[in-house]
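Chemist: coords please:
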Amino acid sequence: MVVGTVPATPLKFSVGLAADQYLQLDDIVVTRRVMRGQPPVQLAGIVTNVEAAHEGARFSSDVFLIQAGALPAEVSEVAEVTVTRVEPEVYVPPRPGAPVSRATGPQRDSALYFDEMGDAKVPVGLGRDGQPVFVNFEFVDGTRGGHVSISGVSGIATKTSFATFLLHSMFNCGVLAGEAHNTKALIFSVKGEDLLFLDYTNRRLTADQRASYVALGLPPTPFRNVQVFAPPRPGDSSGTPNVAARDKAVNPFYWTLAEFAEQELLPFVFADAEDERAQYTMLIGQVAARLRRDAAPVGTDGAIQVANVDPANAQVLRTFDNLVSLLEAELADDTLRPQWVAGSSATGSVNAFLRRLRSSVKPLSAIVRSDLAYRGERSVTTSKAQVTVVDLHNLPDRAQRFVVGVTLRQELARKERSGTARPLMFVVLDELNKYAPREGDSPIKQILLDVAERGRSLGVILVGAQQTASEVERRIVANCSIRVAGRLDAAEATRPEYGYLPPSQRARATLAKPGTMFVSQPDIPVPLVVEFPFPAWATRPTEKGTWVGVDDGPKPPDDPFATIPGADGDAPPF
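Modeler: A predicted model of the protein is given here:
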């Protein structure tokens with residue numbers, strides 16, 4: 001019953017529990033207020049705190065006397081309830097003594113606004129009561145809001161696992177309807193090869209874990225159409241992808257020098273946040289423009305030759321080192337420098353530019369080159385598969401920034417050219433605080449800001465993960481309609497960026513176990529605590545089961561005289 005010793009308000013009240021009853025955190029309860037001449041008002045809420053005490057005790061040591069029967073006292077257990085919904089919207093407090101019960105069925109759906117989500121319900125896990133919890137897809141796909149922010153301690157909060165589960169849920173729960181097959185996901189893998197097995201079954205998945213998927217209305221299956229891009233293996237001129245445990249649907253990715261010049265990719269070489277505050281940054285655009293104007297392709301491998309340079313420096317450029325050496329020779333000469341950086345030729349700025357450029361040779365040589373014999377698919381694109389994974393973990397930090405910036409710019413431009421927001425494209429990016437830090441500026445940060453502020457109108461939805469939301473650009477976090485927190489560092493949990501968590505949930509977030517997430521959405525005034533299922537796809541090589549991905553194409557039969565299936569019109573084709 002609603003207690004009378006603690007003031008009740010239209011937004012918060014306390015519930016006294018009978019001796020044989022209990023409430024736990026995150027339980028959903030409902031009560032009613034009856035008024036003369038008015039329809040009954042139903043108040044529903046979530047339990048945000050529970051306290052138990054001895055009534056009649058004055059000292060802590062009294063507990064021993066009470067237990068021995070020498071001192072009369074009663075155990076009082078009181079739960080604090082934060083109101084989530086009032087129907088009809090007559091904001092009056094419940095009266096003391098009003099009965100309170102757990103909300104189930106339609107009452108639970110009403111308390112959590114699930115009844116108003118209609119066909120836009122995306123299951124994100126199971127609540128403490130074992131029932132599904134949903135987010136409103138209209139706050140993800142751009143209809144009423146967009147983007148998802150996931151925060152938590154590295155290795156414990158399972159941020160990327162939740163991000164991939166969210167993709168799996170959206171692809172399979174029906175909210176995308178006929179667009180599901182054409183909806184794309186672009187995932188940047190920055191930590192090991194854990195995200196390279198999304199289309200392999202997980203051998204560790206138990207029957208109980210499969211039942212969790214069934215309870216959510218989802219198939220306990222991995223992703224079926226996955227393409228992986230990885231950088232070329234160092235020292236291998238054939239362009240073999242640098243991956244250890246995956247051998248299916250993997251392509252190397254790199255940019256030729258012709259593409260580097262034509263697409264003006266030089267600014268992404270200087271992608272550190274502090275670079276944009278340096279004096280030499282004014283040189284970058286001028287050098288990139290000159291390369292675009294005067295670099296001409298040579299042959300079919302993407303090599304270039306730059307026109308109007310000193311004859312002593314004229315040569316066919318096939319490696320990034322060749323290009324940097326040319327720029328050093330041209331810019332170091334006072335007589336040649338004005339042809340590249342007219343009006344910005346201060347020696348100190350030029351030297352700073354060249355120092356930073358030279359330091360980028362080692363990190364970028366593996367992915368900016370025209371010296372490979374490989375002639376297959378090598379451009380990162382989302383058009384070949386439903387889920388595209390770009391593996392970055394073998395690249396240095398500077399190369400990772402380059403790949404993320406260039407790929408995002410390319411995909412954003414593609415969506416702009418399409419002229420329509422549908423089908424959607426989800427971008428999953430971990431370590432968001434590294435690519436869009438709160439301080440400083442960079443080309444990547446500008447692209448991510450563009451995605452956050454304008455992406456939902458283009459159908460580009462950012463699913464960003466970070467250890468510290470307090471270190472991410474504020475405008476990006478502010479544009480995320482769905483905010484999720486896993487296990488948090490105690491100091492980080494006190495930051496204003498987690499103001500959407502009530503005090504009790506902030507404290508619990510420092511203790512949350514892997515798989516427990518606090519999900520905040522505009523529809524519901526209190527974040528919901530969910531446990532999402534163990535991944536149905538392999539997350540490491542030791543979990544690899546059966547590959548269920550899309551085959552690369554027809555394979556010749558082992559018997560050269562055998563009939564190819566489908567050739568006679570009766571057997572199904574490949």
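
Chemist: I'd like to know how many residues surround Leu126.
Modeler: By the criterion of other CB atoms under 10 Å, Leu126 has 17 neighbours. In short, each C-beta sits where N, CA and C put it, glycine included.

Chemist: separation between the residue lying closest to it once chain neighbours are set aside and Ala512?
Modeler: In space, and not counting its chain neighbours, Leu126 is closest to Glu531: 5.5 Å by CB to CB, 6 or more residues apart in numbering. For Glu531, the distance to Ala512 (CB to CB, to the nearest Å) stands at 10 Å.

Chemist: Least confident secondary structure element in the chain?
Modeler: helix 338-341 (a mean of 84; mean pLDDT, DSSP states H and E).

Chemist: buried ones in the following helix or strand past it?
Modeler: Helices and strands here follow DSSP states H and E; after helix 338-341, the next one along the chain is helix 347-359. For helix 347-359, burial by neighbour count (16 or more other CB atoms under 10 Å) applies to Ser349, Val350, Ala352, Phe353, Leu354, Arg356, Leu357.

Chemist: Return the closest of these with respect to His54.
Modeler: Ranked by distance to His54 (CB to CB), the buried residues of helix 347-359 are led by Arg356 at 68.3 Å.

Chemist: Let me know whether the closest one touches Leu266 as I believe.
Modeler: No - Arg356 is beyond contact range of Leu266, at 11.1 Å (criterion: CB atoms under 8 Å).

Chemist: in stretch 384-400, what counts as buried?
Modeler: 384-395, 398-400.

Chemist: ok, back up a step: can you point out the buried residues in the least confident helix or strand of the chain?
Modeler: Trp340, Val341.

Chemist: helices or strands next to it in the packing?
Modeler: helix 281-294, helix 320-332 (3 or more CB pairs under 8 Å, 6 or more residues apart in numbering; DSSP states H and E).

Chemist: Going along the chain, name the helices of the stretch 451-574 of the chain.
Modeler: Here the stretch 451-574 of the chain has its helices, by DSSP state H, counting those that start in this stretch, at 474-478, 490-493, 503-509.

Chemist: between the ones you listed, which one is nearest to Phe165?
Modeler: Using CB to CB, the helices of the stretch 451-574 of the chain put helix 503-509 closest to Phe165, at 18.7 Å.

Chemist: What residues sit buried inside the closest one?
Modeler: Buried, per 16+ other CB under 10 Å, within helix 503-509: Ser504, Gln505, Arg506, Arg508, Ala509.

Chemist: Let's have these in TSV, adding distance to Gly4 and pLDDT.
Modeler: Formatted as TSV, those follow (distance: CB to CB, whole Å; pLDDT from 0 to 100):
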residue	distance to Gly4	pLDDT
Ser504	23	87
Gln505	27	90
Arg506	29	91
Arg508	29	90
Ala509	33	91
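
Chemist: would CSV of those with distance to Val477 be doable?
Modeler: What follows is the buried residues of helix 503-509, written out as CSV (distance: CB to CB, whole Å):
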residue, distance to Val477
Ser504, 22
Gln505, 18
Arg506, 17
Arg508, 21
Ala509, 16
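
Chemist: who has more neighbours, Glu531 and Ala512?
Modeler: Set Glu531 next to Ala512 and count neighbours by other CB under 10 Å: Ala512 wins out with 22 against 19.
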